[in-house]
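Engineer: Sequence plus predicted model, see below.
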Amino acid sequence: MDQVDKALEALKFHIKKEIVDNYFADRVYLEEEVALLQEEIGAYRGDADLASRRFLAFYEALGADAAITAVTEILGLKKPPFFQQYQELADTVRRELLRPYRRRGWTEARRYRYLVFDVYEDLQRDAEKLKEQYDKIFVHLRLLNEDIDKFNLSYDFGLIAAQIEAMEGRQEVISGTPMMSGEREELSTRMRFKRQKLGHEDLPEIPALPRLKEIKGRLKEVLDRVYQH
């Protein structure tokens, strides 16, 4: 083998090594991004659980089904979220929901109103934070899937094999028995990275809520009317 042949063999070796090295480096990057996405989802689900508990506290603060129905309409919701879960709670558990809140106001009517306002403000902040997290997760998901599509296009085994075989003079990419088309397809499938998907069961959505100042007047009217009855 002369010097030119040796140089060509060395070049072929380095080209194939670079393909392999790049493949695994890019795959590790995608695996790390998937792990990061799962961490974000886990954090979101934890915060969503806290927000759902805050909804239960809000219903307990409202106290009456009539108030819950009226406030649900004010908030523009078709039905009160997590209300069935609230109905299934024992009375002793319901009372514990409001333990963190300090009662303020000179009269029972004011204490009732301020308690609802305080719980709602916490609930609205929770929902607002979750909406931001929800949107960021889906942006991350979209960008990740774009990278996955690029990866699968760049490392299509059939294309890589054809390129190497042309470079090798139609020799088999993998030594030994020539691969059948079905085997090539199976290997190509195994080399592909699976696109990520998220459904409602993976990422429960908490409804967005208006800020207290936007509904305070109407909310006060409902609370005053309910309290009087």
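Structural biologist: Nice, I can see it.
Engineer: Kindly provide the distance from residue 147 to residue 131.
Structural biologist: Applying C-beta to C-beta, to the nearest Å, the value for residue 147 to residue 131 is 25 Å. No exception for glycine: its C-beta is placed from N, CA and C like everyone else's.
Engineer: Then residue 120?
Structural biologist: In terms of C-beta to C-beta, residue 120 sits 16 Å off from residue 131.
Engineer: okay, now residue 51: neighbour count?
Structural biologist: 21 (other C-beta atoms under 10 Å).
Engineer: what's it in contact with, if anything?
Structural biologist: By C-beta atoms under 8 Å, 6 or more residues apart in numbering, the contact set of residue 51 is 123, 126-127, 130, 206.
Engineer: one more time with 7 Å
Structural biologist: 126-127, 130, 206 (C-beta atoms under 7 Å, 6 or more residues apart in numbering).
Engineer: Pull the most distant pair out of those.
Structural biologist: Using C-beta to C-beta, the contacts of residue 51 reach their maximum pairwise distance at 126 and 206, which is 7.4 Å.
Engineer: Looking only at neighbour counts, state which of these two leads.
Structural biologist: residue 206 (23 against 20).
Engineer: in which helix or strand would I find that one?
Structural biologist: Assigned by DSSP states H and E, residue 206 falls within no helix or strand.
Engineer: Which pLDDT value belongs to residue 199?
Structural biologist: Residue 199 carries a pLDDT value of 82.
Engineer: what about it, distance to residue 41?
Structural biologist: From residue 199 over to residue 41 the distance is 11 Å, taken as C-beta to C-beta.
Engineer: got it, and residue 35?
Structural biologist: Taking C-beta to C-beta, one finds residue 35 at 11 Å from residue 41.
Engineer: can you check residue 60 too?
Structural biologist: As judged by C-beta to C-beta, residue 60 and residue 41 stand 29 Å apart.
Engineer: Looking at these two, which has the bigger crowd around it?
Structural biologist: Neighbours were counted for residue 60 and for residue 41 using other C-beta under 10 Å; residue 60 has more, 20 against 17.
Engineer: List the residues that contact the more buried one.
Structural biologist: With C-beta under 7 Å, 6+ apart, residue 60 has these contacts: 94, 97-98.
Engineer: Count residues in the vicinity of residue 54, would you?
Structural biologist: Residue 54 sits with 21 neighbouring residues when counted by other C-beta under 10 Å.
Engineer: so what's it closest to, chain neighbours aside?
Structural biologist: In space, and not counting its chain neighbours, residue 54 is closest to residue 123: 4.5 Å by C-beta to C-beta, 6 or more residues apart in numbering.
Engineer: At which residues are the helices of the chain located?
Structural biologist: Here the chain has its helices, by DSSP state H, at 3-62, 65-74, 83-87, 91-96, 108-154, 157-168, 181-191, 212-228.
Engineer: and the angle for the fifth one with helix 65-74?
Structural biologist: So the one you mean is helix 108-154. 50 degrees (axes from the mean of the first three to the mean of the last three C-alpha atoms, to 10 degrees).
Engineer: what does the longest one give?
Structural biologist: Using the same axes, to 10 degrees, the inter-axis angle of helix 3-62 relative to helix 65-74 is 140 degrees.
Engineer: can you list the weak-confidence ranges in this structure?
Structural biologist: Under the criterion pLDDT under 70, the flagged ranges of the chain are 1-19, 157-191, 227-229.
Engineer: If you count neighbours, what's buried in stretch 203-223?
Structural biologist: Across stretch 203-223, burial judged by 16 or more other C-beta atoms under 10 Å covers 203-204, 206, 209, 212, 215, 219, 222-223.
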